[in-house]
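J.: Fold the stuff below for me.
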Amino acid sequence: MNLFITSILWLLSLTTNTSKPHTISAVAAIDTVKIVSGIKVKFGAIDAKRKSYSQYMPTKREEGKLYIGYYEANTLKMITAITYGDTSKVEADEYLDESGIVMVYAKVSSYESSIAANPNTKVKAMVENWYYFDKQTLIKWVSGGKVVPAGSAAFKQKSAAIKTELANTKKQFADMATLSKIK
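T.: Now for the predicted structure:
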């Protein structure tokens, strides 16, 4: 029996990459550090050109939501989505490239009282979330400075929720004829 356990442990040691512990992902064995570095370069380039992009808003708006699409020529590069709740606000910047979504930065703010009743109400809590995508798949989520484990239920739920929300948001920009240019 000990020989069997020793053999299994030996086989596992051959297949485990201890020199790069960050390469294992729930999605696949990928080098997330390298991919995230590339994503940071992409969203940095988009942010650097943000002021030069044409900005459009959908002419039809949902209650409590504001969308701004940033275009380079006719290519949607980024979407800012702001959603207001009674005592909360979510500001999300969704970065896109030719493959689709690459990164989402979302800031969630909770307020002391109703924003509508008291526009000067103070923020009581704020959490920043960074979502990194590779081939339309969420590969890394950092919430409040902490990495959320890729295999966790929260990670899987958030991945599905972001994809649904992004699909709904992108529908707002599907037809240029339904947009109003703001810059």
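
J.: now stretch 173-183: mean pLDDT?
T.: On average, the pLDDT along stretch 173-183 is 80.

J.: Regarding the spatially most central residue of the chain, what is its secondary structure?
T.: Centroid-nearest residue in the chain, with C-alpha atoms, centre = their mean: V104, separated by 2.4 Å. Following DSSP: H, G, I helix; E, B strand; the rest coil, we place V104 in the strand state.

J.: So which residues of this protein form strands?
T.: Taking DSSP state E, the strands of the chain run over residues 54-58, 65-72, 75-84, 88-97, 100-111, 123-134, 137-143, 146-147, 179-181.

J.: Throw those strands into CSV and include distance to T169, thanks.
T.: Bear in mind the C-beta positions are built from the backbone N, C-alpha and C, glycine included. Below are these laid out as CSV (distance: least, C-beta to C-beta, whole Å):
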stretch, distance to T169
strand 54-58, 10
strand 65-72, 6
strand 75-84, 5
strand 88-97, 7
strand 100-111, 10
strand 123-134, 14
strand 137-143, 16
strand 146-147, 25
strand 179-181, 13
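
J.: Output the lowest mean pLDDT helix or strand found in this protein.
T.: When each helix and strand of the chain is scored by mean pLDDT, DSSP states H and E, helix 2-15 comes last, with a mean of 34.

J.: now this protein, which segments are flagged as low pLDDT?
T.: Within the chain, the stretches with pLDDT under 70 are 1-30.

J.: and the gap between S180 and E62?
T.: Distance of S180 to E62, given as C-beta to C-beta, to the nearest Å: 15 Å.

J.: Identify whichever of the strands of the chain lies nearest to K156.
T.: Of all the strands of the chain, it is strand 137-143 that lies closest to K156, at 8.7 Å by C-beta to C-beta.

J.: and the closest one, how far out from the chain's middle?
T.: Centre-to-centre, strand 137-143 and its host chain are 7 Å apart (C-alpha atoms, centre = their mean, to the nearest Å).

J.: That one: which residues count as buried?
T.: L138, I139, K140, W141, S143 (16 or more other C-beta atoms under 10 Å).

J.: Pairing partners for that strand, with directions?
T.: Sheet partners assigned to strand 137-143 using DSSP bridges are listed as strand 123-134 (antiparallel), strand 146-147 (antiparallel).

J.: now the longest one and strand 88-97, what's the angle there?
T.: Between strand 123-134 and strand 88-97, the angle formed by their directions is 20 degrees, by axes from the mean of the first three to the mean of the last three C-alpha atoms, to 10 degrees.
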